[in-house]
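>>> the following comprises the amino acid sequence and a computationally predicted model.
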Amino acid sequence: MIINRTLNLIEFIVILTMSTCIRSQHQSSNQLYQIVTGLKQFHSQLCQFKFENCIQDSSYADQLDTDCNIYSRLRDCFRSLLDDSQCLSAQLKDQYKKAKQNEYQACGVASSYASVRSSSIVHKFRIRDKAPDESASTETKGYECLCIGSQNLGTRKSIVKIKVVRIPLHRVFTLSDNLIQILDSDNLQPIPNLKIKNVLTFGVSNATDQCQGGYVDICVSIKRNKIQIYRLDKLNMNLGYELSVQDSFTSIAMDSYGIIGCSETEYFSYDPSNSNDRRSTGSFNSIFKLDDPNTAACFTNISPGQYLLNGPNVGVTTSLQGMSQRPPIMFVSTPIDFIYSHPYLIVLVRDYIHIYSYLDDQLKQEIPLKFCRTLLTMQQENIKNIIVTNKDNIYLLVPLSIEEQIEQLLNSYRLQEALTLAESSCSSVKQRSTNRLVLSTKKRIAFIEFSAMNVARALSLFDDIHMDFHEILTQIPNFLPINSSWSNIDENNKNQYVQWLNALCDYMTRKSAEFSRQPDYYPALLKAYLLVKTPELIIEFVQSNASYVPVDYCKILIDAQHYNAAAVLYSSHEKHQQAIDIWKKLVSNEYSNDDTFPGVWILAKYILERNIDRSLEFSTAAWLLEQSEEELALKIFTSKHQTESNSDPFSSQRVINLIKTHQTALVTYLEYAVFKLKLETDAIHTMLVNIYLDQILSKSDNEETRSKLQAFIITSNSYRVQTVLHRVNQTNRLQREVALLYGKMNNFEQAFRILVDELQDFEYAENYCITLSHGKSSADRKIVAHVLFKVFLNSLDKYPNEIKAALLSLLCNNEIEFDFVEVLQRLPSHWSLASLSQILLRALRTYSYTQRAAKLESSLIRVQNEQLNIKLSQLKRSNTMINEQRQCKHCLQQFYETSCAVYQDGIQVHVHCAKKYKQN
């Protein structure tokens, strides 16, 4: 619907404006009482009271300006009585008509309708809103029309055409008796010397110039088959040029692009841009002819340079060049006349007014109105009203605003029509992207399509108008507030939610560069993911964007059974206790059905990668130990050790007390404490030795552990040797360990005797001698070597061949140092020189090396002494100034004596300070 209501104005109104000027003639008011004296009493006392008030109010004639105002007041009072159904009577109607006739006479308006029909009089009326009345119909009430001026043109025939130009000239153009007269639209006074004779019809250009007082162009069709173009300003009218035509025009119009006109059977156009000679007879071009005599020739302007011409039941859109860019409009009935009011075509047909949409060429509305004659437009503020006349009345068609029309189309789900209507309000395609009405219409359509599950279409519109995702959230039930959990969704509606949320996620992801700066972007996306995405994608999203999601959303994740994602979100916000508690519940199956939980190892990894509260770290490691995850717990215990302070939960003593019931973990931790942390406490070392012994004694074949024990006995200096030796001596299986323990107590002879005499492991004895020599001085190394040498000599009689080979190997080993003078004296005399050749060669090389080294050392010392003596003499010859203002660089005190020490860089210090600094 584009027409809101029709307004029945008054018979034969010729011109309607908003001006307030009025001219009237003074008449006597003596007839006032004669009008109302014959009126009978009213049945209702209220009506009688109102009527008396009318008389009393109108009787103050001497206080009013004119008789016109007197009768206008009386007529208004009678009109109010007629509007009241209780006061309505035929007698009151007659009196109302008489009062109205008297008003017209007093105001200079013809007193009878017959005179109006036969006179060339221009009447000026004011249309104004009427006070609402509940008893009146909203379709025919709402305005009232007051005559505020009239002008007699003085011609013999009636006015056939009238045109008002308000801006910029304030002029009224009238055509009567083939004469154009121009009036002032404010007071209806004729403009002198501005007349055109022999005119058949005329048209006023809609292109005006408001600069320097303004002007307007007017084209007229005269009887001599001529078209004349005049330019009118405030005072003058000048003929611009003249065109010849083949036939007289019955209608003509012009704009800034050119002129279009029609005869009874043919349409013509004139395009100044295509004509070099404006006075040429052939300047007007024929567009097409009407072969059907029943088709009325009429046209209307669609846009500058574009016109709609009436054809046989069709409307043809054409330019001044006769070209058409769109198909014709198919009329339902033969038009009498039509007029264009964007974006509709109002068509006058017999007994009806048809309204077509120029956007889709479809009939949109039909208004019944018999005996329709003419159509014209009236611009009122921003609304273009349509005036329709029949033989008795003039009607005002008030169109709905374009917003109301769009609202109706949207409510009836005619979405494309609504969008096309909104876009038609833009003068160019480029404006559609910024036009408020187009954007709001697209927004409404997008929401309607979204609710109707046409998500693809909705997404396209969202992209077009750059919709903010917050507005989309309002269209999804139960989504807001964002920080709330999803309520139980019916399975029947689950598919709708999936489509909505998938569309929302796609849109928000595509617009992430634009939306990601908003604080609700990631939380909204996460909430949508909970219903449409897999748990793997959800956990990946939380891991990537946890810092943008508030910690409050952990509750939403827990409610949705995404426990691991909630723990990840807690951890990103430094809520370590909550994250660990969730993972503990997942391990203990208190929380279930979360396939994204990687396993119990995530707890250890979490602790190892962060520096959080140490008591929480220790409790987590202890919990892992209870869950039989000894390896993970040990990683935490060993990695988090810092000090041996009693306040440190990861001190070795507290850890050992915790894991002592877990034998494997205990061994691993003790080895780490000894070999990695280098803890030198006798309790830890002794405990580790005892554990090794327990493992060896519990199994008959445990060579790996025994090798570890032997290596530990040799390298460690912190275990209780006597305690270990006492325990080892309780069995005969560990003689080698006994020998190692004697060696640890520096009882080398007893150690080597066990290895040589009891175990007969000569090679091991030699290697053990090398091991014992490590880290000792040359003299100590010789002592160890000579002890083994003596043990070998003492056992020579028991195992002569084996001992001889072991002695030769020992004496030829370059890693072992000997005093070869003593060795050669104690060797058996019966050994041949050939067997001793290698020993003699080594002895000779050793002696030669010792002698040369001694000489070199002596020479170096002598050279160093000479250099120091030279430097000392140089220092003694040099003078060093000392005064009380100088300070020692060490103690920062002044010098109170002449002696001082001078460094190589010239720094002076006290002698006692230099000595003290050197000692430190």
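Cool, the structure landed. Numbering: from 1, shown residues only.

>>> that's a strand at residue 300, yeah?
Yes: judged by DSSP: H, G, I helix; E, B strand; the rest coil, residue 300 forms part of a strand.

>>> now do the same contact list for it.
307, 308, 338, 339, 340, 345 (CB atoms under 8 Å, 6 or more residues apart in numbering). Quick note: C-beta positions are derived from backbone N, CA and C, even for glycine.

>>> swap the cut-off to 10 Å and go again
253, 307-310, 315, 337-341, 345-347, 375, 377 (CB atoms under 10 Å, 6 or more residues apart in numbering).

>>> for residue 902, same thing?
Residue 902 sits in contact with 875, 878, 880, 882, 908, 909, 914, where contact means CB under 10 Å, 6+ apart.

>>> tell me the pLDDT of the third one.
I take that to be residue 880. What the model reports as pLDDT for residue 880 is 75.

>>> which element, helix or strand, includes it?
Remark: residue 880 resides in no helix or strand, with elements defined by DSSP states H and E.

>>> hang on, the earlier thing: of the contacts of residue 300, just the buried ones, ChimeraX syntax please.
The ChimeraX selection below is limited to those of these classed as buried (16 or more other CB atoms under 10 Å):
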select :253,307,308,309,310,315,337,338,339,340,341,345,346,347,375
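
>>> returning to what we had before: generate a ChimeraX selection restricted to the buried entries among the contacts of residue 902.
Entered in ChimeraX, the line below selects the buried ones among those, by 16+ other CB under 10 Å:
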select :882,908,909,914
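
>>> out of the contacts of residue 902, which sit inside helices?
Residues of the contacts of residue 902 located in helices (DSSP state H): 875, 914.

>>> need the contacts of residue 902 in CSV (columns: distance to residue 757).
Shown next, in CSV, are the contacts of residue 902 (distance: CB to CB, whole Å):
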residue, distance to residue 757
875, 65
878, 70
880, 71
882, 73
908, 68
909, 63
914, 59
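
>>> before we move on, what SS does the nearest residue to residue 190 once chain neighbours are set aside have?
Nearest residue to residue 190, sequence neighbours excluded (CB to CB, 6 or more residues apart in numbering): residue 183, at 5.6 Å. Reducing the assignment at residue 183 to three states with three-state DSSP gives strand.

>>> ok, residue 183 - contacts?
Shown in contact with residue 183 (CB under 10 Å, 6+ apart): 15, 122, 124, 151, 153, 162, 164, 170-174, 189-191, 194.

>>> so where's the stretch 151-300 of the chain uncertain?
Low-confidence segments of the stretch 151-300 of the chain, defined by pLDDT under 70: 207-213, 274-282.

>>> strands of that one, start to end?
Taking DSSP state E, counting those that start in this stretch to define them, one finds strands in the stretch 151-300 of the chain at 159-165, 171-176, 179-184, 190-197, 199-209, 215-222, 226-232, 237-244, 251-254, 259-262, 266-270, 285-289, 299-303.

>>> any buried residues in the fourth one, and which?
If you call a residue buried by 16+ other CB under 10 Å, then strand 190-197 has these buried ones: 190, 191, 194, 196.

>>> how far away from the center of its chain is that strand?
Strand 190-197 sits 67 Å away from the centroid of its parent chain (CA atoms, centre = their mean, to the nearest Å).

>>> now for it, which elements pack on it?
strand 171-176, strand 179-184, strand 215-222, strand 226-232, strand 237-244 (3 or more CB pairs under 10 Å, 6 or more residues apart in numbering; DSSP states H and E).

>>> mind listing what the third one pairs with, with the direction of each?
The strands beside strand 215-222 in its sheet (DSSP bridges) come out as strand 199-209 (antiparallel), strand 226-232 (antiparallel).

>>> may I see the buried residues of the last one?
When burial is assessed from 16+ other CB under 10 Å, strand 226-232 yields the following buried residues: 227, 228, 229, 230, 232.

>>> which of the contacts of residue 183 sit farthest apart?
124 and 194 (18.9 Å; CB to CB).

>>> which residues are in contact with stretch 657-674?
Contacts for stretch 657-674 (CB under 10 Å, 6+ apart): 618, 621-622, 625, 628, 630-631, 633-634, 637-639, 641, 644, 649, 651-652, 655-656, 677, 679-681, 684-685, 687-689, 691-692, 694-695, 705, 708, 712, 715-716, 718-719.
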